[in-house]
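Trainee: Got a predicted structure here, sequence first:
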Amino acid sequence: MTTYFCMRHGVTDWNRESRIQGTEDISLSEEGREMVRKWAGTLADGGLECILTSSLGRAKETAAIINEKLGLPIHEDTRLGEQDWGEWTGLTKEDLKQIRKQVKQQEYKGFDFCPPKGESRNDVLMRTCDALIDFSEEHPDKSVLVVTHNGVLKCLAYALTGLEFMPNDPDPLEAYRLHRIECLENELAPGQFNMEL
């Protein structure tokens, strides 16, 4: 069984501005780098054996800072990148309020939510599951730190807890926590969500 400890990258300036990053390659802010340095201390005694990261800069930077302390092999997979938000990339929460009707129509599609010229949550879920299952086949029985994105983690958590990703569903995740997911015989299963970092 491969055990994944999944986390979101550190904070960026766009996070603080409530701006949709999607596939834009945004760097960590200084605040983000500082929070990641603290996480590295917590993760140092966790028995981790390697790191798997999204290819986007904010995730790779998070992995690199953590690895200054852990000194583990790092692997990258583009399939762990954030959801492509298409025409809504770069918009803020305030901007989304201006197109509330469009946004609401998408939200009620659950996993079929797809911004214009973007990617659906279902597509994100499929590629993420493929990435984790493939990595598990290549690295069986490993304890792996996964550095990815909020949208990716939400797709996994909603699916693994049987939720439809509808607006009234309870959000299974808390911000900036560690989430354990297990992979056995090409199947992903929830371990424990929202562990302290």
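Mentor: Done, it's in.

Trainee: Quick check: Thr161 touching Pro170?
Mentor: No. Between Thr161 and Pro170 there is no contact under CB atoms under 8 Å: 9.1 Å. Heads up, the C-betas are built off the backbone N, CA and C, glycines and all.

Trainee: For these two, indicate the residue with more neighbours.
Mentor: Thr161 (13 against 7; other CB atoms under 10 Å).

Trainee: Spatially nearest residue to that one, not counting backbone neighbours?
Mentor: Once flanking residues are discounted, Thr161 sits nearest to Pro172: 5.1 Å by CB to CB, 6 or more residues apart in numbering.

Trainee: Could you report the pLDDT at the one you found?
Mentor: Turning to Pro172, the model gives it a pLDDT of 95.

Trainee: Can you classify it as helix, strand or coil?
Mentor: Following DSSP: H, G, I helix; E, B strand; the rest coil, Pro172 is assigned to coil.

Trainee: Same check on Met7?
Mentor: strand.

Trainee: Tell me the confidence at the closest residue to it other than its chain neighbours?
Mentor: In space, and not counting its chain neighbours, Met7 is closest to Leu178: 5.4 Å by CB to CB, 6+ apart. Note for Leu178: predicted pLDDT of 97.

Trainee: what's near enough to touch Leu178?
Mentor: Counting by CB atoms under 8 Å, 6 or more residues apart in numbering, Leu178 touches 5-7, 194-197.

Trainee: can you name the two of the residues you listed that are farthest apart?
Mentor: Using CB to CB, the contacts of Leu178 span at most 14.2 Å, a distance reached by Cys6 and Glu196.

Trainee: Can you verify my assumption that the residue nearest to Thr161 contacts Ala159?
Mentor: No. Pro172 is not in contact with Ala159 according to CB under 8 Å; the separation is 10.1 Å.

Trainee: Pull the contacting residues for the closest residue in space to Asp112 that isn't next to it in sequence.
Mentor: Among residues not flanking Asp112 along the chain, Ser120 sits closest, at 5.6 Å (CB to CB, 6+ apart). For Ser120, the contacting residues are 111-114, by CB under 8 Å, 6+ apart.

Trainee: Ok, Asp77 next?
Mentor: Asp77 makes contacts with 52-55, 131, 135, as judged by CB under 8 Å, 6+ apart.
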